[in-house]
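Visitor: Here is the input, now give the coordinates:
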Amino acid sequence: MQYQRLTDDSSLIITESGESHLLTSSLDTNNNFSRIRKYLLILLVIQLIVCVILLIIDIRLVITGKDDNYGQAMRALGPIVFSFIYYGCGLTFIYRYNHVGIYTFTWLGFLQYILICGEIFLNIFNIKHPSHSTQSRIGFQISMTMIILLILQAVFMVITLKLAFKILHLIKIFKRDVLEQL
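Guide: Sure thing, here's the model as predicted:
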């Protein structure tokens, strides 16, 4: 079964046999779905902004050479770029009502949440107390900023995952109701 939104108050359902049915109800007419979707889109935009900030900080550290370990700084760019692509795809899936995309986004998000928690713990254990040198204090401040941003990202991710699972549930209910109408 394929769902295609035509307007805000009508949808087209195409079954496996090729029959098409015009529905007067749509996911957009469900106030709960629209509200959750709006919150989810806002959270995804915020998380994209956090990813861009983390990417800028990490690139700046690599370019200016303030990071002690160049190889580690380059490896840190990978997860940040992956997060940027992940949230961009999630934004597209939520906006276009792609059920399989939302499902994949949600479960990959759960795995990414576990990795972010691990990264937070590793960063906390790797913090070095700043000495009297300016470079050491700058490194400490940057490390603390990164940890705070990662914690913020983890909190937003938990809320995002909860809302994405709610959207999946509402889509499932909508599809069941549609099948009952047919």
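Visitor: Could I get the full set of strands for the chain?
Guide: 2-7, 10-14, 20-23 (DSSP state E).
Visitor: Comparing those, which yields the minimum mean pLDDT?
Guide: With a mean of 52, strand 2-7 has the lowest mean pLDDT of the strands of the chain.
Visitor: Gly78 versus Phe84, what's the distance?
Guide: For Phe84, the distance to Gly78 (CB to CB, to the nearest Å) stands at 11 Å. To be clear about C-beta, it is placed using only N, CA and C from the backbone, and glycine gets the same treatment.
Visitor: Pick out whichever of these two has more residues nearby.
Guide: Phe84 (17 against 9; other CB atoms under 10 Å).
Visitor: What sits closest to that one if chain neighbours are left out?
Guide: Of all residues not flanking Phe84 in the chain, Cys51 sits nearest, at 4.5 Å (CB to CB, 6 or more residues apart in numbering).
Visitor: doesn't Ile80 make contact with that neighbour?
Guide: Yes - counting by CB atoms under 8 Å, Cys51 touches Ile80, with 6.1 Å between them.
Visitor: neighbour-wise, which of these two wins?
Guide: Legend: neighbour count by other CB under 10 Å for Cys51 and Ile80, higher for Cys51 (22 against 19).
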